[in-house]
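> predicted coordinates and the sequence they were generated for:
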Amino acid sequence: MKEGWNCLAFEELTGNDVYEILKLREAVFILEQQCLYIDIDNVDKTSHHITFIKEDKLLAYARIIPGNSPDHVIIGRIIVNESVRGTGLGKELVHTAIAQAQIHYSPIRIDISAQDYLRRFYESFGFIVHGIIYDLDGIPHIDMTLQLV
């Protein structure tokens, strides 16, 4: 992957790219947040992968998953490296993921499963809560939707 923002289909990723993505996801979701879950879920193969690289280091990542209809996508595994949290990179990541979803899929709706403590963060992008808080791997989550049309 090149420096800056990238959006690549799984087939476009190199072995090293996949390794770095899985390493970051493991460091944050499994080790830092202490969630024991199967991260390699066969969804990566059908997704587009958003990355931000600086000085050969993966600092931000998300994946865009095709939804159950052509006008629907899901953005997931939204993650910022601990070393750059609080710098605004998370906001850039979500803006970039939404923009890339529109470019690659032209959805009218984007869904996320957000950690509940980040509810206000996602609401700042226009996501609206639907449903109730639920436990996902020991962390309270809430389903949210962004209507684009």
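Okay, I see it. Numbers count the residues shown, from 1 in each chain.
> what sits up against the longest helix belonging to the chain?
Ranked by residue count under DSSP state H, the longest helix found in the chain is helix 89-105. Helix 89-105 is contacted from outside by 5, 7, 48, 50, 52, 59-62, 64, 66, 70, 73, 75, 78, 80, 107, 110, 121-122, 124-125, 146, 148, using C-beta atoms under 8 Å, 6 or more residues apart in numbering. (C-beta placed from N, C-alpha, C; glycine too.)
> and it, how far out from the chain's middle?
Averaging C-alpha positions (C-alpha atoms, centre = their mean, to the nearest Å) puts helix 89-105 9 Å from its chain's average.
> I'd like the average pLDDT over that helix.
Helix 89-105 comes out with an average pLDDT of 97.
> helices or strands up against the helix or strand following that helix?
The C-terminal neighbour of helix 89-105 among helices and strands, as given by DSSP states H and E, is strand 109-115. In terms of contacts (3 or more C-beta pairs under 8 Å, 6 or more residues apart in numbering; DSSP states H and E), strand 109-115 is packed against strand 72-80, strand 139-147.
> tell me the most buried of these?
Of all the helices and strands packed on strand 109-115, strand 72-80 has the most neighbours on average by mean count of other C-beta atoms under 10 Å, namely a mean of 22.
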